[in-house]
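Engineer: got a predicted structure here, sequence first:
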Amino acid sequence: MLRRASRLFARPILAARARPFSTDLPAAQATDATFVEAWKKVIPNIDPPKTPLSFMQPRPPIPSSIPSKLTVNFVLPYASELATKEVDMVIVPATTGQMGVLPGHVATIAELKPGVLSVHEGSEVTKYFISGGFVFIHANSFADIIAVEALPLDRIDASLVQKGLADFTQKLSSATTDLEKAEAQIGIDVHSALNSALTG
């Protein structure tokens, strides 16, 4: 009985071994010309995406000698105060202290605090009060100054600055929450910087 059963089981196994596997068959290169042409019409655009650098003019190369002028761009979120203006020097209120920038300055990025930005062009000096921002100094004697808010010093009313300083000082003394204290301290810092810009 066992011998007959083993013979019955052996037959399908031998038959299965005789059949070729799909990997044993040669792969036929079947190209459907109709499909290829249809695919070319609807194929998605796979070009790399464009970045802001694609739309910007390239910076001039680093000159071999130090230029006589510094090219400054001074922008706000809503306006451009200076665009590729050639000046002798700018002094910016960095968080580490006042920083003078001349042509040929080493490439630097600095955070700006509330204070006075001075633009020196010959004997003329234009001063702005800025509330904060960043300055990007490039090795090719270009400087990009980005400020949150800026105003020429001659347009600031000293009496309103004194009143604002008194108001924020009173708010700080009566503040009960950390948020109120932080808001009052920011107001004091900005108005103190305004006051020292006008008096200094």
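Structural biologist: Right, received. Where do you want to start? Numbers count the residues shown, from 1 in each chain.
Engineer: what about this protein, any weak spots by pLDDT?
Structural biologist: Low-confidence segments of the chain (pLDDT under 70): 1-31, 52-53, 56, 200.
Engineer: name the single longest helix found in it.
Structural biologist: Using DSSP state H to define each element, the chain has its longest helix at helix 178-199.
Engineer: so what touches that helix?
Structural biologist: When contacts are defined by Cβ atoms under 8 Å, 6 or more residues apart in numbering, helix 178-199 is touched by residues 93, 113-116, 127, 129, 131, 153, 156, 158, 161-162, 164-165, 167-169, 171-172, 175. C-betas here are computed from N, CA, C, even on glycine.
Engineer: which ones among these are found in helices?
Structural biologist: Those of the contacts of helix 178-199 lying in helices (DSSP H): Ala158, Val161, Gln162, Gly164, Leu165, Asp167, Phe168, Thr169, Lys171, Leu172.
Engineer: buried subset of these?
Structural biologist: Val161, Gly164, Leu165, Phe168, Lys171, Leu172 (16 or more other Cβ atoms under 10 Å).
Engineer: enumerate every residue touching the first one.
Structural biologist: Contact criterion Cβ under 8 Å, 6+ apart gives His191, Leu194, Asn195, Leu198 as the residues in contact with Val161.
Engineer: state the distance from Leu102 to Ser68.
Structural biologist: The gap separating Leu102 from Ser68 is 10 Å, by Cβ to Cβ, to the nearest Å.
Engineer: then Pro152?
Structural biologist: In terms of Cβ to Cβ, Pro152 sits 26 Å off from Ser68.
Engineer: go on, Ala94?
Structural biologist: In terms of Cβ to Cβ, Ala94 sits 24 Å off from Ser68.
Engineer: which of the two has more neighbours?
Structural biologist: Per other Cβ atoms under 10 Å, whichever of Ala94 and Ser68 has more neighbours is Ala94, with 17 against 10.
Engineer: in JSON lines: the ones in helices among the contacts of helix 178-199, plus distance to Pro58.
Structural biologist: Converted to JSON lines, the ones in helices among the contacts of helix 178-199 look like this (distance: Cβ to Cβ, whole Å):
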{"residue": "Ala158", "distance to Pro58": "45"}
{"residue": "Val161", "distance to Pro58": "43"}
{"residue": "Gln162", "distance to Pro58": "48"}
{"residue": "Gly164", "distance to Pro58": "44"}
{"residue": "Leu165", "distance to Pro58": "46"}
{"residue": "Asp167", "distance to Pro58": "49"}
{"residue": "Phe168", "distance to Pro58": "46"}
{"residue": "Thr169", "distance to Pro58": "50"}
{"residue": "Lys171", "distance to Pro58": "49"}
{"residue": "Leu172", "distance to Pro58": "49"}
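Engineer: I figured Ile91 hits Gly100, correct?
Structural biologist: Yes - using Cβ atoms under 8 Å, Ile91 is in contact with Gly100, at 5.0 Å.
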